[in-house]
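Chemist: Could you look at this predicted model? Sequence included:
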Amino acid sequence: MSPFKIKILIIIFMIPLFVMAQSGEYKLGWWNHQSLNGSVQLEGLYRSQETILNNSKSEKPKTFLFNGELQLHSKSFFWHPNFMLLNMDLNYSPGTRRDNFLVIPDRTETHTAEQFRISTVFFNERPLSFDLFANWNHNYINREFASNVESYNRDWGAGAVYRNSFLPLSVNYTDASWEQKELQSGRVFKNDKNTLRTELSKSFSSYDDHRFMYAYNDYRRQYSNAFTVNNYAASYRLLDNFYFDDKRHSSFNSLVWYYDQTGDDPFSRLQINERVRVQLPANLKTSGYYNFSDFKQRQIEAKQHKLFGRVEHQLYLSLKSFAWYEYSDFQQTTYDETINKYGLGIDYQKKIPTGSLKISYEYRHRFDKQSSDPRQLFIVDEEQQLADNRVVLLDNPFVDPASVMVTNEDGTIIFQENLDYLLIERDGFIEIQRLPGGQISDGETVYVDYTTTESASFQFDAINQNIFTSVTLWDNFFEGYFRYYDQSNENIRFSRNLVIKNIVQRVSGLRLSHKFISAGFEYEDYASNIVPYYSRRYFLKINHTFNNRLSAFLTGNIRNYHLKDANESQDFSDISARVIYFLTRVTQLKFEGGYRVQNGRGLDLTLLNFRTELATRFRSIVLKAGLESYNRDFSGEKVNYMGGYLRVERYF
C-alpha cells in the first residue's frame, strides 16, 4: 500500500475524531458515526547485531530507528443499523532508520508495519443479509527467535446468508494472496487462492440435523523461487446426525466427503464415515464405526475399509471394563493388507487416605497379513507428530530419503529438508526431526509421502500389553507412576526385507507439588530391536503472585536421550521465566527470558534471550523503556544481538 493511500485513509479516520471531540457522536446525512478509538505510539530504538558464519566471516550491522504507530478503530452505520453497518481498522507504522546493513530483524514475535481492514454488513438482522470485507496486512514475524519472516497478506470477499426455518443457506467468496520471505535464508513463499463456499442446513426435528457444504478452490503456490504449483479443487461434504434420546447419549453420525483436485498435483479422495453410540441399561455402553476411503493420485490407487466395535461397562465409580474389535482391509496399487485386532482391559480408580490410586491394563492382539509384488512401495499421507524431545521414526524401513516429501495437514505447504526438518538414518529406518525456526512448529502434525526400496509379502501376529499405575498422596503433594508396555510377535511368515518391532518399554516417574511449585523426574527405558534408547527427564514449574505486587512464572526441562546401538546422545534443555513487579499501581517492571540448549547429530543449538521493560502510565499516556538481548549458535553459525527502546503511547 503506497504512503499516499495510507495518508488518505488516516484523513478519513481523523475527520470524525475532531467532530466527535465536541459532540461524542455525530451524523452526516444518512451516515451515523458511533465510535472512534485507538492509540498513537512513538518509539526510538538502537540495535546492534554480530553474525559469525561457518566460514569465520563476520558481519556487525547497527541500526538507529525512529518509529511511529497509529491504530484506529471506527464503527458507524448508514441510515439504520439494520440497513448497513461499517467497521474500519487501521494500523500504520511509519519509521526512519539509519543502517550500515540491510536489515536487523525485529526480535518481537509479531510486528505489524501496515494493516487495514474494512467490513460492512447489509440487513444484519433481516432474513437475507450481505457482507463485504477487505484486508491488507504487512508484518514481521519471528519464529522461535531463530528465523525472521516478512509477510504480506491481502484478501477480500463477499457473502450472503438467507435465514429461514425451511432451508438456511449461506454463500461466500474469498480472494486471498499471501507472501512470506525468510530474511536469513532468502526463501520466498507465495500463495494465491480463490475460494467459493456454500452451505445448506436442515433439521426435521430436535432429534436430527443435516448440513451440506460445497467449496471450490483455485490456488497457485510458489516455493522458494523453485517451482510453481497450480491446482483446482472441488469439495463436497454431507453431514447427518440422528439422536435417539433427549440428552443425545445415543446417536448415529454420518459423513460423506468427496474431494477432486486437478492441475499440477491431481488427485481425488472419497471418504465415508459412519459412527453409532448407544447407551444401554445396566451401565453398558456400545459404540462402533465404519470408514471407507478411496484415494487416487496419478499411478496410485488406494482403498480402505475399516470396521470397529467397542463395549464398555461401568461398575460403580471405580471400575470400568471394556472390549473392542477392529477389522481393516487396505488395497493399494502395489500391495494388499488385512489387519484384524481385538483388545480388552480395565481402568480402576479408588480413593485412598489422603490421595488416590489408579490402575489400568489393556491387552491387544493383532493379526497382520500383507501381499505384494517385489517392487517399490508408495506411502501416501503417513501422519507424524514432530515435537522436540521426541525420537520420531517413519513407519516403514528401507525408505529412499530422496523420495521423502513432507507437507502440512491440507497439503498447501511443502516443507524443505535441512531448513524445516532433518532426516537421520537409523539402522534401516529414517528419523525425522523438525528444525527450530523452520515452518514446522513444535508438536505440529505433518504428512509424509515416500517410497520404500522394496516391499514384501508377510504375515505375523503382534501381542501388546500396556500397564499403568499411579499413586497420589497428601492432597497431590506426591505422585508416583509406572508404565509398562511390551510388544512381541509370533507366527511370523515373510518373504524378504521385513523388519518387525519388538518392544519392551518401562517408564517411571515422580512429581512433588506444593502450592505454587512442582518438580519431578522421569526415567524411560525403551528396549527394542529398532533404535533402542533410554532417557531421563527433569522438570520444574513455578507460578505464583506474591502480595499482589510480584508475579513470577518459571518452567524448566532437561531431557537426555541415549541411543544404545549407535552410542549416540541427544540432549535437550530449556528454561523460561517471566517476572512482573508492580512498583506502584500504574508502574511495573517486567522481565522475560529463556535459555535453550540441544545437542545431537544435526541438532546442535544454543539459544539465549531476555527482555526487561519498565512501563508506567500517566492518565492516557503510557511510557515504556526496555532492553533486549538475543544470542544464537546453530550448527556453528552465531548471532549476537543487543537492543534498547523507548516508547510513548497515547490511547483515546
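Modeler: Thanks, I have the structure now.

Chemist: give me the beta-bridge partners of the most centrally placed residue in the chain?
Modeler: Residue closest to the average C-alpha location in the chain (C-alpha atoms, centre = their mean): residue 444, at 5.0 Å. Under DSSP bridges, the beta-bridge partners of residue 444 are residue 386.

Chemist: Hmm, it is touching residue 383, no?
Modeler: No. The criterion here is C-beta atoms under 8 Å, and residue 444 misses it with residue 383 at 11.3 Å. Any C-beta I mention is one placed from the backbone N, CA and C, and that applies to glycine too.

Chemist: which helices and strands sit right next to whichever strand or helix holds residue 639?
Modeler: Using DSSP states H and E, residue 639 sits in strand 637-651. When contacts are defined as 3 or more C-beta pairs under 8 Å, 6 or more residues apart in numbering; DSSP states H and E, strand 637-651 packs onto strand 31-52, strand 621-634.

Chemist: would JSON lines of those strands with mean neighbour count and mean pLDDT be doable?
Modeler: As requested, these are exported to JSON lines (neighbours: other C-beta atoms under 10 Å; pLDDT from 0 to 100):
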{"stretch": "strand 31-52", "mean neighbour count": "16", "mean pLDDT": "81"}
{"stretch": "strand 621-634", "mean neighbour count": "17", "mean pLDDT": "88"}
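
Chemist: okay, the ones you listed in a markdown table with distance to residue 512 next?
Modeler: Listed next are these as a markdown table, based on distance: least, C-beta to C-beta, whole Å:
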| stretch | distance to residue 512 |
| --- | --- |
| strand 31-52 | 42 |
| strand 621-634 | 33 |
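
Chemist: Ok, which of those comes nearest residue 507?
Modeler: Proximity to residue 507 (C-beta to C-beta) singles out strand 621-634 among those, at 30.9 Å.

Chemist: quick one: strands adjacent to that closest one?
Modeler: strand 605-618 (antiparallel), strand 637-651 (antiparallel).

Chemist: tilt between that strand and strand 31-52?
Modeler: Orientation check (axes from the mean of the first three to the mean of the last three C-alpha atoms, to 10 degrees): strand 621-634 against strand 31-52 gives 40 degrees.

Chemist: burial measure for residue 512, as a count.
Modeler: Look at residue 512: counted by other C-beta atoms under 10 Å, it has 15 neighbours.

Chemist: Please name the bridge partners of it.
Modeler: Beta-bridge partners, per DSSP bridges, of residue 512: residue 478, residue 519.

Chemist: per-residue pLDDT, it?
Modeler: Note on residue 512: pLDDT of 96.

Chemist: wait, isn't it in contact with residue 519?
Modeler: Yes. Under the criterion of C-beta under 8 Å, residue 512 makes contact with residue 519 at 5.6 Å.

Chemist: Which neighbours do the two have in common?
Modeler: Residues within reach of residue 512 and of residue 519 at once, by C-beta atoms under 8 Å, 6 or more residues apart in numbering: there are none.

Chemist: contact partners of the strand holding residue 639?
Modeler: Here strand 637-651 has contacts from 37-54, 104, 107, 620-633, using C-beta under 8 Å, 6+ apart.

Chemist: how much space between residue 326 and residue 366?
Modeler: 9 Å (C-beta to C-beta, to the nearest Å).

Chemist: what sits in contact with each of these two?
Modeler: Common neighbours of residue 326 and residue 366, counting by C-beta under 8 Å, 6+ apart, are 339-341.

Chemist: residue contacts, residue 175?
Modeler: Counting by C-beta under 8 Å, 6+ apart, residue 175 has contacts 155-157, 193-194.

Chemist: Mind pulling the model confidence for it?
Modeler: 96.

Chemist: Who does it form a beta bridge with?
Modeler: As assigned using DSSP bridges, the partners bridged with residue 175 are residue 156, residue 194.
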